[in-house]
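**Student:** here is a sequence together with a model predicted from it:
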Amino acid sequence: MVHQTYIADVLVVGGGTGGTAAAIQAARRGAKTILVSEFPWLGGMLTSAGVSVPDGNELEAFQTGLWGAFLQELRQRQPGGLDNSWVSFFSYDPQIGAEIFADWVQELPNLHWISGQVPIDVFRQGDSITGVRFADFAVTAKIILDGTELGDLLALADIPYRWGWELQSEWGEPSAPVTFNSLTQKYPVQAPTYVVIMQDFGEAVAPEIPAAPNYNPSQFTGAWDGYGAETFLNYGRLPGGLFMMNWPICGNDYGEGVGRLIESDVSRGEFIQESRWHSQHFAHFIQKQLGRRYGLAEKVFPHTSTAFALHPYYRESRRLVGLTTVREQDILSIAKGRVASIFNDAFALGVCEAIAVGNYANDHHYPGVQFPLQPKSIRWGGRWTGTPFTIPYSCLIPATTDGFLVCEKNISVSHIANGATRLQPVVMGIGQAAGMAAAICVELNCQPRDLPIRKLQTALLEDNRSKALIIPLFNLPPNRSDWRHWQLYYLDNPQAYPVSGDCPDSAFGKPLIQESNCFKGIFYRLEQQEYRFTVTAPATYQGQNWQLVTLRSHIDEQLRAYPHEQLVTLWGRYNRSGNWLLVEHLNGG
């Protein structure tokens, strides 16, 4: 029975990465906002799912909006810094991430957060969604956002959605299958992972990790072959001797009967339990192979089993059937270029609809299967990164339903392209844009489909707290005085967007990251975008050989031009797990 009905301007259901960003942005814009989450931590993939080594949007120019603000807060709050793992440039204690989101919510008097609740039903008036019912209360709102991990509101509201693969005949995606096959049948969506955090107990003997039901060690045989145990553990190393276990090679991805996630509450619970057991099996296997120095982490997550995330890391959910759909072609690079088009067939004719940016590789997870995809990785800054692409506003809007937006992995996207759009930073950008759109719709008393796209884009570019990137440009960090000018220029002139991804003016702003150490040594060029460095000073590191990488555009330019086998003075931060120096200044640059 519903005991109370709340009334809001904006309701966000789901406290994941996108939902949390949407609620914060809507409230900061002034909308009376209610956020209802299932779990006691906000942030989803970044916190409660335990993936506190996020991928994508790592380059300095892409660290904008709430994503950039989140990184700045992490740098201030995380003891020991963020240079801990080799899979990401940012790794942190997930509890600190959860504290940041909770603090942001707490400072907003017009944002009411209710945790521990899931949606049960939705209210409709004609073609509009007007409210959501929970166990003992309901919320009515002018705009409702689905920020659930699996697109649950889409199902409850009977809004058309996709689940599973599309064939090549659907949109002509180069990596899509020509016919349905055993892979598409076994894994209709990408496999989730139930993250478990392990701990280095040093000389102490860690408590024994018991095997869960149906343990089969052969599933994990060879997990770190070709890497070595130390490199394997450092993949997701966190501060304080912790290790995030989210390992795709004979590891803890779990996809057996993954379709159960949307069949019923009971079948979903069964799948979640099995995936958690699978990660317990993996941790048990690691301890058996590498010794009792390693055990389950203590005091990480806020429940009894403190080493296990609050829920699985879902890589794919139900996907909206929206006004437009992001396809594989929309995330791949322009011919002879380093960026995807910002103006292509998926966007409304004559308008650049970009509202968020991603750049990660198209990464798909099917346990035991190598699935070939059209490559979208590029060499930049001495390392591999991904082709930048944009998300159009209309893929957040249902084709036939009003009063509703999506703001998570549930955007209108193909199964193939979801492998790049699902990453944490781009989902955070999607959430920020959705929250801003919802608030402006309330201000204008209009439906999301009728919102002038330029008003939304301008609001994101000019937000007084966390201005957000819309057009990806490698050499345009957000602290440059002409940042807004160039963003608007390419929105007005999308046909002029450079295939190089670089502004014609290569001036750069002051560094965003301040904490650096000075190193001297010899510079070696192995390839055009592969650099090594033999340290001569300080004496502590003398003779060591490191990879040189950077996230700063002008340092990338300097590294590309620097003479081979020359002495060089660098300022940066050493990452032991990756054996690289993250260069922030070069010879005073």
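**Tutor:** Noted; the coordinates are in hand. On a predicted model such as this, the values are computed, not experimentally measured, just so you know.

**Student:** show me the shaky parts of the stretch 251-400 of the chain.
**Tutor:** Residues of the stretch 251-400 of the chain that meet the criterion pLDDT under 70 lie in 344-350.

**Student:** got the contact list for I555?
**Tutor:** Residues in contact with I555 (Cβ atoms under 8 Å, 6 or more residues apart in numbering) are 381, 583-586, 589. In this view, the C-beta of every residue, glycine as well, is placed from N, C-alpha and C.

**Student:** so which of those sit within strands?
**Tutor:** Secondary structure from DSSP state E places 583-586 of these in strands.

**Student:** of the contacts of I555, which is the most crowded?
**Tutor:** Ranked by the number of neighbours (other Cβ atoms under 10 Å), the contacts of I555 place V583 first, at 27 neighbours.

**Student:** who's in contact with it?
**Tutor:** V583 makes contact with 548-550, 552, 555, 559, 570-572, according to Cβ under 8 Å, 6+ apart.

**Student:** how about stretch 538-553: buried residues?
**Tutor:** Going by neighbour count (16 or more other Cβ atoms under 10 Å), the buried part of stretch 538-553 is 541, 546-553.

**Student:** and if you look at stretch 377-391?
**Tutor:** Buried positions in stretch 377-391, judged by neighbour count with 16+ other Cβ under 10 Å: 378, 380-383, 385-391.

**Student:** where does the closest residue to E462 other than its chain neighbours sit: helix, strand or coil?
**Tutor:** Distances taken as Cβ to Cβ, 6 or more residues apart in numbering put R484 closest to E462, at 7.1 Å, once the chain neighbours are dropped. Following DSSP: H, G, I helix; E, B strand; the rest coil, we place R484 in the helix state.

**Student:** now swap in L35 and tell me
**Tutor:** strand.

**Student:** I figured it hits A23, correct?
**Tutor:** Yes: counting by Cβ atoms under 8 Å, A23 is a contact partner of L35 at 3.8 Å.

**Student:** between these two, which contacts overlap?
**Tutor:** Between them, L35 and A23 share these contacting residues under Cβ under 8 Å, 6+ apart: 12, 15, 105, 111, 113.

**Student:** now do the contacts for N214.
**Tutor:** Under the criterion of Cβ under 8 Å, 6+ apart, the neighbours of N214 are W277.

**Student:** what's the neighbour count on G97?
**Tutor:** Close neighbours of G97, defined as other Cβ under 10 Å, add up to 24.

**Student:** now do the one 10 residues further on
**Tutor:** Other residues lying near E107 total 11 when counted by other Cβ under 10 Å.

**Student:** please apply the same query to V12.
**Tutor:** 38.

**Student:** and if you look at G501?
**Tutor:** Neighbours of G501 (other Cβ under 10 Å): 25.

**Student:** give me the three-state assignment for it.
**Tutor:** G501 is classified as coil under three-state DSSP.

**Student:** could you do V357 as well?
**Tutor:** strand.

**Student:** so what's P119 up against?
**Tutor:** Contact analysis of P119 by Cβ under 8 Å, 6+ apart lists 13, 36, 132-134, 148, 152-153, 156.

**Student:** scan the residues you listed and report the most crowded one.
**Tutor:** Most neighbours among those, by other Cβ under 10 Å: T148, with 32 neighbours.

**Student:** returning to that earlier point: turn the buried residues of stretch 377-391 into CSV, including secondary structure and distance to G65.
**Tutor:** Formatted as CSV, the buried residues of stretch 377-391 follow (DSSP: H, G, I helix; E, B strand; the rest coil; distance: Cβ to Cβ, whole Å):
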residue, secondary structure, distance to G65
I378, strand, 23
W380, strand, 21
G381, coil, 21
G382, coil, 26
R383, strand, 23
T385, strand, 19
G386, strand, 18
T387, coil, 20
P388, coil, 14
F389, strand, 16
T390, strand, 13
I391, strand, 12
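
**Student:** redo those residues as TSV? Include distance to L451.
**Tutor:** Compiled in TSV, the buried residues of stretch 377-391 are given as follows (distance: Cβ to Cβ, whole Å):
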residue	distance to L451
I378	34
W380	34
G381	36
G382	41
R383	38
T385	32
G386	29
T387	28
P388	25
F389	22
T390	17
I391	15
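
**Student:** what's the farthest-apart pair in these?
**Tutor:** The two members of the buried residues of stretch 377-391 with the most space between them (Cβ to Cβ) are G382 and I391, at 27.6 Å.

**Student:** leaving out the residues flanking it, which one is nearest to T20?
**Tutor:** L42 (4.4 Å).

**Student:** how close does that neighbour get to F220?
**Tutor:** Distance, L42 to F220, by Cβ to Cβ, to the nearest Å: 32 Å.

**Student:** which one's more surrounded, those two?
**Tutor:** Neighbour count, other Cβ under 10 Å: between L42 and F220, L42 has more, with 29 against 22.

**Student:** picking up where we left off before, which one of the contacts of I555 is nearest N252?
**Tutor:** When the contacts of I555 are ranked by distance to N252 (Cβ to Cβ), G381 comes first, at 30.4 Å.

**Student:** let me see the contact set for the residue nearest to E462.
**Tutor:** Applying Cβ under 8 Å, 6+ apart, the residues near R484 are 461-462, 467.

**Student:** can you tell me which of those are buried?
**Tutor:** By 16+ other Cβ under 10 Å, these give 461, 467 as buried.

**Student:** tabulate the contacts of R484 (a markdown table), appending distance to G30, pLDDT and secondary structure.
**Tutor:** Below are the contacts of R484 laid out as a markdown table (distance: Cβ to Cβ, whole Å; pLDDT from 0 to 100; DSSP: H, G, I helix; E, B strand; the rest coil):
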| residue | distance to G30 | pLDDT | secondary structure |
| --- | --- | --- | --- |
| L461 | 18 | 98 | helix |
| E462 | 15 | 97 | helix |
| K467 | 17 | 98 | coil |
